[in-house]
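Student: everything below, folded, please.
(2 chains)
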Amino acid sequence: MTMTQTLEISNRADARPKGAIRTVLGMLWRDKFALAAAIFLLIIIACAVFGPMLFGDAALSQNLRSRNLPPFSIKNGWLYTMGADSLGRPLLPRVVVAARNTILIAAGAVLCSSVVGALLGLVAGYSSPRVSNVVMRLADVIMSFPSLLLAVIVLYMLSPSVGNLIIVLAITRIPVYLRTTRAEVLEIRQRMFVEAAQVMGASSRRIVFRHILPMVIPTLVTIATLDFAFVMLAESSLSFLGIGIQPPEITWGLMVSQGKQYLATAWWLAFWPGLAIILTTMSLNLLSNWMRIVLDPAQRWRLEIGGKSNG
Amino acid sequence: MADHLLEVRNLSVQFHTAGGIVKAVRDISWHLDRGETLAILGESGSGKSVSASAIMNLIDMPPGEITSGQILFEGRDLLTMPAGERRLVNGKRIAMIFQDPLGHLNPVYTVGWQLVETMRVHGSRKDEAERRALELLTRVGIPSPRDAMGKYPHQFSGGQRQRVMIAMALAMKPDIVIADEPTTALDVTVQAEVLALLDELQSETGMGLLLITHDLGVVAEVADRVVVMNAGEIVETGTPDAVYHNPQHPYTRKLIAAAPGRGEIHEPSGNGEPLLRVVGMTKSYGAFQALKHASFDLQPGETMAVVGESGSGKSTLARCLLRLEQADSGEALWKGRDLLSMPPKELFGLRRQIQMVFQDPTQSLNPRMSVYDLIAEAWMIHPEILPKNQWRERVNELLSQVGLLPEHARRYPHQFSGGQRQRIAIARALALQPELIVCDEAVSALDVSIQAQVIALLDKLRRELKIAFIFIAHDLPVVRDFADHVMVMKTGEIVELGTAREIFENPRQDYTRRLLAAGLDPDPEIQRKRSEERERLSA
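Tutor: Residues are numbered from 1 along each chain as shown, chains lettered A, B, ... in the order given. You can find the predicted model right below:
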């Protein structure tokens, strides 16, 4: 039943071997949510790259006459369409400029923690029980330490720069990836295709990277996108304690925490950066969902045939 | 019309899938009378289970849709019956036994609790239900039933679990029991016992038994009538004798011809220097001895069949030979060098000479690799076999050698049927140009006609490439026309070892005889003789 169905589809897929990029774009086109997410993320990246260059000055120019100016008025120029903050700085350019620091810190921390966590997880899952135990206890130590406390200690000793912030946030998030990876590896290494590779004489490195890692990656990507939002907010609480990013540098997280006290009177102060965080995380999530399907040969047909998918 | 206990009339079921509408069954009709055993015979994908699912209201709608037909139970149409009434019929009047008892028993409750619960949801009093549960466990032959009530499903063997499932199905004294492949997951000897039990219970209670199976032998053993299904349609109906001896439809003929154990028995030809000599190989897990002093010789190009029930140590033997497990003692001399104590470096060189084909190709092929990648991986690991520019050509060659098409190289495993997947696994093994292939239950999971094709393929490869095989199976007929030597194993020991002719025509050990008698023959006449033989042996 499913046989005939999949064969038909694969025949169609076989019939047109197109360029890889075109195929991927075609699959993106078929999932409209993922497409919207990808476009949004491109805009955010553009903001991060060009924002400070274009609006760097506007974001910092204070104008006490327009303190807490409500949004949706173009009286003071289009820069003020999102309103202004407690020092009269226009919010629109501030959100745009803050994208750079936010994305840099969040992406850096998530990337570092997921790569290191995944590698340690692969080691813990595939090597001898002794090595595995050492790695796992290490993760326990990190986990048992309150992450904020760790950050305070480290950043107290080092200067609170973007680089150090990335390292601190990355370290506190490593156990999440480590534990997930290890658990998956323990299950996958028992599967028969791993044994089949052993019989062929495959080295441990080949088995881990060619057979096990591709099965773990979809899970890791999903966790990473969720972690993105967590890191953005964690960074803001560090800023709040005075050891994260310091004004006049700005991040979305910092803007949210600064706007929190005005929530009753001027909601837009926290709302716009908050919206940016939510939309970014949601876009990443939608895109990772799409990617999970693309990476799985057994699921890919859903995006190849178009139309409604009955998932 | 209403005199049949259960009647399915012109039933059509279709499924809406992304690939379009799939018609699972088309316009099928059959009936079941009181005290009768009806077998629905068909291979996977033939739609044999769909009508049973329709009866039990187990079809997911959507994507499933019943487009036409009636299911009459005592003259009333189940399909138009209100949901509340239908629940009273399901489980109470019509009960079902599944293929995989472990999957259908809740692992966190005791067997006794689950039995009692089944009866209580249908309104029995607690003490009465407990009394009946005990009675049922005794009846289905569970040893010391009073203790068994307090045990959990995992504490029983596969055969006992299936007995528990039967007890559960019988709890409400149903008029009809539907058994969906009830013995497929069981050993041959256990299968024979479970079928005998079902047969006895049926004559005791006078219930109607609907047996869904892919095995002609099961049909020959218990069925009164048989319905043969292919591609969603009924191709033939009749008594097992009539269908077997006088098949009308070409599909039925094909199915009967594919039954294993009909061809010539091989005579081993080679003698001289053995390719592999195993001496006193032993392996234990803790206190459990999985393999006890196994010793045998294998000549180049010959086939050694290893037959035994589950837990007999046959897979352990293969895994130790391939160094997937470390044997405790003994030696395995491969062309004079000991495989078991070989350092990893030397072993790596030998890997390409000894390959393995696993039981379930769905699991032994990495789902994220294309067929080309799967086969070419062999040369990535052993680059000395073939220069890279010839890989594509060689993959195409191997694919045609195992009966697939070169354009299949771009596809992924899930796009193939079970039999085709096993061919891919064989092609992968051949890529390394091995001298010995170990097949661990390589055809057990396949349909009968596919099984015959894969065995024919292996036979062809053996003749053309002079590859030696160690062929592990739990089923004796399968190895009959393929093996040169047969090794019968029981609880880690080699009970009997001889040429295929010796084992099949003149077995010396009782255990071998019992195994032979437990095997189900598709010919109802032969099967009746076997049943008598089996009773004689057990008496």
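Student: in space, what's closest to the residue of the stretch 201-311 of chain A found nearest chain B - neighbours in sequence excluded?
Tutor: Relative to chain B, the nearest point of the stretch 201-311 of chain A is A:Gly201 (3.3 Å; C-beta to the nearest C-beta). All C-beta spots, glycine's among them, are computed from the backbone N, C-alpha and C. Leaving aside its chain neighbours, A:Gly201 sits nearest to B:Arg351 (3.3 Å; criterion: C-beta to C-beta, 6 or more residues apart in numbering or on different chains).
Student: next, count neighbours for the one you found.
Tutor: When neighbours are counted by other C-beta atoms under 10 Å in any protein chain shown, B:Arg351 registers 20.
Student: ok, B:Gly20 next?
Tutor: B:Gly20: 10 neighbours (other C-beta under 10 Å).
Student: roughly how far apart are it and chain A?
Tutor: In this view, B:Gly20 and chain A are 7 Å apart by C-beta to the nearest C-beta, to the nearest Å.
Student: buried residues, the helix or strand hosting B:Glu135. List them.
Tutor: B:Glu135 belongs to helix B:126-139 when elements are defined using DSSP states H and E. By neighbour count on 16 or more other C-beta atoms under 10 Å in any protein chain shown, the buried set for helix B:126-139 is B:Ala129, B:Glu130, B:Arg132, B:Ala133, B:Leu134, B:Leu136, B:Leu137, B:Arg139.
Student: how many residues are close by residue 38?
Tutor: Defaulting to chain A. 17.
Student: my bad, the chain I had in mind was chain B
Tutor: B:Leu38 - counted by other C-beta under 10 Å - has 22 other residues nearby.
Student: bridge partners for it, pull those for me.
Tutor: Applying DSSP bridges to B:Leu38 yields these beta-bridge partners: B:Leu210, B:Arg225.
Student: quick one: residues contacting it.
Tutor: Contact analysis of B:Leu38 by C-beta atoms under 8 Å, 6 or more residues apart in numbering or on different chains lists B:Trp30, B:Leu32, B:Gly208, B:Leu209, B:Leu210, B:Leu211, B:Ala223, B:Asp224, B:Arg225, B:Val226, B:Val227.
Student: over to A:Ile217?
Tutor: A:Leu295.
Student: distance check, it against A:Arg191.
Tutor: Distance check for A:Ile217 against A:Arg191: by C-beta to C-beta, to the nearest Å, it reads 16 Å.
Student: now A:Gly125
Tutor: 13 Å.
Student: please say which of these two ends up with more neighbours.
Tutor: Neighbours were counted for A:Gly125 and for A:Arg191 using other C-beta under 10 Å; A:Gly125 has more, 22 against 16.
Student: which strand or helix spans the more buried one?
Tutor: helix A:91-126.
Student: what sits up against the next helix or strand after that helix?
Tutor: For helix A:91-126, the succeeding helix or strand toward the C-terminus, using DSSP H and E, is helix A:129-144. Identification of contacts with helix A:129-144 by C-beta under 8 Å, 6+ apart yields A:Leu120, A:Val123, A:Ala124, A:Gly125, A:Leu150, A:Ile171, A:Thr172, A:Ile174, A:Pro175, A:Leu178, A:Arg179, A:Arg182.
Student: the helix or strand encompassing B:Met487 pairs with which strands, and in what direction?
Tutor: Following DSSP H and E, one finds B:Met487 within strand B:485-490. Looking at strand B:485-490 with DSSP bridges, its partner strands are strand B:303-308 (parallel), strand B:493-499 (antiparallel).
Student: now that strand - C-alpha only, CSV.
Tutor: In CSV, the C-alpha atoms belonging to strand B:485-490 read as follows (Å, rounded to 0.1, in the frame of the first residue of the first chain):
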residue,chain,number,x,y,z
HIS,B,485,25.4,-29.4,5.7
VAL,B,486,22.9,-28.8,8.5
MET,B,487,23.7,-28.1,12.1
VAL,B,488,20.9,-28.4,14.6
MET,B,489,21.4,-26.4,17.8
LYS,B,490,19.6,-26.5,21.1
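Student: who touches that strand?
Tutor: With C-beta under 8 Å, 6+ apart, strand B:485-490 has contacts from B:268, B:296, B:298, B:302-309, B:312-314, B:317, B:479, B:494-500, B:502-504, B:509, B:511-512, B:515.
Student: of these, keep whichever come out buried.
Tutor: For these, buried by 16+ other C-beta under 10 Å: B:268, B:296, B:298, B:302-309, B:312-314, B:317, B:479, B:494-500, B:502-504, B:511-512, B:515.
Student: show me the helices in the stretch 251-400 of chain B, by range?
Tutor: B:314-321, B:344-351, B:361-364, B:371-381, B:391-401 (DSSP state H, counting those that start in this stretch).
Student: what pLDDT, on average, does the first one get?
Tutor: Per-residue pLDDT over helix B:314-321 has a mean of 88.
Student: how far is it from where the chain is centred?
Tutor: How far helix B:314-321 lies from its chain's middle: 20 Å, per C-alpha atoms, centre = their mean, to the nearest Å.
Student: give me the below-cutoff pLDDT ranges for the stretch 201-350 of chain B.
Tutor: For the stretch 201-350 of chain B, applying pLDDT under 70 flags the ranges B:261-263, B:269-271.
Student: tell me the residue of it that sits nearest chain A?
Tutor: Closest approach between the stretch 201-350 of chain B and chain A, counting by C-beta to the nearest C-beta: B:Phe348, at 5.1 Å.
Student: so that residue touches A:Gly201, yeah?
Tutor: Yes - with contacts counted by C-beta atoms under 8 Å, B:Phe348 reaches A:Gly201, the gap being 5.1 Å.
Student: which outside residues touch the helix or strand following the helix holding B:Glu135?
Tutor: Following helix B:126-139 in sequence order, the next helix or strand is helix B:145-148 (DSSP H and E). For helix B:145-148, contacts defined as C-beta under 8 Å, 6+ apart pick out B:Val111, B:Gly112, B:Leu134, B:Leu137, B:Thr138, B:Ile142, B:Phe156.
Student: how about the residues of the stretch 101-250 of chain A by chain B?
Tutor: A:191-193, A:195-203, A:206, A:210-211, A:214-215 (C-beta under 8 Å from any C-beta of the partner chain).
Student: list only buried entries from these.
Tutor: Neighbour-count burial (16+ other C-beta under 10 Å) is assigned, among these, to A:191-193, A:195-202, A:206, A:210-211, A:214-215.
Student: element containing A:Met232?
Tutor: Here A:Met232 is assigned to helix A:213-240, by DSSP H and E.
Student: scratch that, B:Arg528
Tutor: Counting by DSSP H and E, B:Arg528 is found in helix B:524-538.
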